[in-house]
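Q: Here you go, sequence then predicted model.
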Amino acid sequence: MNDNQLRVDLRSDTLTLPTKEMKETMLNAGLGDDVFGEDPTVNILEDKLAGLFGMEAGLFCPSGTMTNQIAIKLHTRPQTEVICHQFSHIYLYEGGGIMSNSLASVKLLDGKLGKIEAEAIRQVINADDDHLPETTLVSLENTMNKGGGSVYTLDEIRPIRQLCKETGLKLHLDGARIFNALVHSGERPFDWGKMFDTISVCLSKGLGCPVGSVLLGSRVEIKRARKIRKAMGGGMRQAGMLAAAGIYALDHNVFRLEEDHERAKAVGKILEKAPFVKEVLPITTNIVIARLSQISPESFLDELTERNIWAVKFGRDQIRMVTHMDFTDQHLEAFESRIKRWEK
Ligand SMILES: *Cc1c(COP(=O)(O)O)cnc(C)c1O
C-alpha cells in the first residue's frame, strides 16, 4: 500500500463534512419559511446563540462574510470610517465589501499577533472635522486568523469597550472562531456578549456545520439587519435544515475544539523539524503558521502535496495549517511519519 494514501488536509477548518448524526438531525428538522420568520429550527438556533451570549436576538445567514458585512452596514454610513487591524478578515478577505456594501472608509492599525489596543485606537479616532470621515465603528477579530489563531482575553477587551462607550463608537466582534477562543481561555460567552454591540459567530468552521453564521445584537439592530440581509440576497427559505446542524454543533462540537488545539500544537512541533521551516509562530488554538526560508511557499506546498499533505500559502514567506474535526490522530500520525521521512 502507498504510504501516502491517506489525505492529510490542513488547508482550513471549513473543510469538515457533516457527520452521520448531524445529517440525521438535519433530516428531522422542523421547517418553515424563514423570510416570513416561520422556520422553527432557525428561530431556535438564533435564540439559543443569543441566549448563550446574553444578547437579545440573532440572525442566521449563509456566511460569516455576510454577518460581518451586515454588521458594518448597521454601524456605518457613507463617509464614515471603521477602525480595525490591518490583517483583519473584514478588510483583507471580504472582497472589498466595506467599500462596496457600506461606502465606508477604513483605518488600519498594527498590533502584535493581529490584536489592537485601546490606546492605539484612541490615537486614530477622527475629530469632528469637515475634512475627515467620521469614525463610527471599531471591529475586532477573535480568534485572529492572520495572527495565528491568537486570542483576546476579556481584560484586553474591557479598555476598548470603555473607550467606545466614552466616544460613542460601536464595537463589533468577528467571532468566526469565538468558540476556539472561549474553549482556550475558559471565559464565558455571556461575559463576551456584554462587551460588543454585535458579534458574528461561524458554525461552518471548527464547529463542523456545512453552512451558516449567526449575527447577534440588540432586538432593534437585528430587525434592521434582517432588512439588510434581504437586500444582500441572504434571505433563505426552509433554512431549518441548516440551522439544525448549528444546534447539533453547539450541543456536541464545542468542547471537542480543545482536541483540535492539542493537535495543532503537535503539528507545530513536527513542522519545526521539517526542511525549510525557519520558525513556527506561537500556537494558541487551531491555527499553525510556519515561516519558511530558502524556498517559496509555492514550492514548499508542492513538496507537501507530493506527500499528500495540504496547506495554504499565507503571505510572502509563510504557510498556514488549520486543525479541525476531520483531522484525527490517524492523520496526525501520517503527518508525522511523512515529515520525518522528508527530514532524512
Ligand atoms: C472564515 C472567516 C470569516 C467568514 O468566512 P465565510 O467563509 O464567509 O463564512 C470571517 N472572519 C474570519 C476571521 C474567518 O476566518
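A: Received, thanks.
Q: ok, residue 110 - contacts?
A: Contacts for residue 110 (C-beta atoms under 8 Å, 6 or more residues apart in numbering) come out as 85-86, 120. All C-beta spots, glycine's among them, are computed from the backbone N, C-alpha and C.
Q: quick one: which of these is most hemmed in?
A: residue 85 (24 neighbours; other C-beta atoms under 10 Å).
Q: I'd like to check which residues are in contact with that residue.
A: By C-beta under 8 Å, 6+ apart, residue 85 lies in contact with 91, 108-111, 114-116, 140-141, 144, 146-147.
Q: Nearest to the ligand among those residues?
A: residue 141 (5.1 Å; C-beta to the nearest ligand atom).
Q: Ramachandran angles for that closest one?
A: Note on residue 141: its backbone torsions stand at phi -130, psi 130 [degrees, to the nearest 10].
Q: hang on, residue 290 packs against residue 283?
A: No - in this structure, residue 290 is not within contact of residue 283 by C-beta atoms under 8 Å, at 10.4 Å.
Q: Please list the residues of the stretch 101-250 of the chain that sit near the ligand.
A: The stretch 101-250 of the chain comes close to the ligand at residues 141, 145, 174, 176, 202, 204-205, 213, as judged by C-beta under 6 Å from any ligand atom.
Q: which two from the residues you listed end up farthest apart in space?
A: Using C-beta to C-beta, those span at most 16.5 Å, a distance reached by 141 and 204.
Q: Quick check: the residue of the protein nearest the ligand.
A: Nearest residue of the chain to the ligand: residue 64, at 2.5 Å (C-beta to the nearest ligand atom).
Q: so what's that residue up against?
A: 89, 174, 176, 200, 202, 204-205, 213.
Q: what do you get for residue 268?
A: With contact set as C-beta under 8 Å, 6+ apart, residue 268 has these partners: 280, 283, 288, 290.
Q: How about residue 270?
A: The contact partners of residue 270, by C-beta under 8 Å, 6+ apart, come to 335-336, 339-340.
Q: In which helix or strand does it reside?
A: Per DSSP states H and E, residue 270 falls inside helix 257-272.
Q: State the mean pLDDT of the following helix or strand past that helix.
A: The element immediately downstream of helix 257-272 (helix or strand, assigned by DSSP H and E) is strand 277-280. The average pLDDT within strand 277-280 is 97.
Q: How about strand 277-280, which residues are buried there?
A: For strand 277-280, the neighbour count (16 or more other C-beta atoms under 10 Å) marks 277, 280 as buried.
Q: what lines up beside it in the sheet?
A: Paired neighbours of strand 277-280 in the sheet (DSSP bridges): strand 287-292 (antiparallel).
Q: touching the ligand at all, the partner strand?
A: No - Strand 287-292 does not reach the ligand (C-beta under 6 Å from any ligand atom); its nearest approach is 9.2 Å.
Q: thinking again about what came up before, using TSV, please lay out the residues of the stretch 101-250 of the chain next to the ligand together with neighbour count, pLDDT and secondary structure.
A: Shown next, in TSV, are these (neighbours: other C-beta atoms under 10 Å; pLDDT from 0 to 100; DSSP: H, G, I helix; E, B strand; the rest coil):
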residue	neighbour count	pLDDT	secondary structure
141	30	98	strand
145	24	96	coil
174	29	98	strand
176	28	98	coil
202	26	98	strand
204	23	97	coil
205	28	97	coil
213	25	98	strand
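Q: Let me know the closest of those to residue 328.
A: residue 205 (17.4 Å).
Q: Relative to residue 152, how far out is the closest one?
A: Distance of residue 205 to residue 152, given as C-beta to C-beta, to the nearest Å: 17 Å.
Q: now swap in residue 187 and tell me
A: Taking C-beta to C-beta, one finds residue 187 at 10 Å from residue 152.
Q: between the two, which one's more packed in?
A: The neighbour count for residue 187 versus residue 152, taken as other C-beta under 10 Å, is higher for residue 152 (25 against 17).
Q: Residue 139 belongs to a helix, doesn't it?
A: No - under the criterion used here (DSSP: H, G, I helix; E, B strand; the rest coil), residue 139 is strand, not part of a helix.
Q: pLDDT score assigned to it?
A: Predicted confidence (pLDDT) for residue 139: 98.
Q: count of neighbours near it?
A: So residue 139, with other C-beta under 10 Å, has 27 neighbours.
Q: quick one: it and residue 172 touch, right?
A: Yes - using C-beta under 8 Å, residue 139 is in contact with residue 172, at 4.5 Å.
Q: shared neighbours of the two, anything?
A: Joint contacts of residue 139 and residue 172 (C-beta under 8 Å, 6+ apart) are 68, 71-72.
Q: any chance of these in JSON lines, with pLDDT too?
A: Shown next, in JSON lines, are the shared contacts of residue 139 and residue 172 (pLDDT from 0 to 100):
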{"residue": "68", "pLDDT": "98"}
{"residue": "71", "pLDDT": "98"}
{"residue": "72", "pLDDT": "98"}
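Q: Just the buried subset of those, written out for PyMOL, thanks.
A: To isolate the buried subset of the shared contacts of residue 139 and residue 172 in PyMOL, counting by 16+ other C-beta under 10 Å, use the following:
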select buried, resi 68+71+72
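Q: Also near the ligand: which of the shared contacts of residue 139 and residue 172, exactly?
A: Restricting the shared contacts of residue 139 and residue 172 to those near the ligand by C-beta under 6 Å from any ligand atom leaves residue 68.
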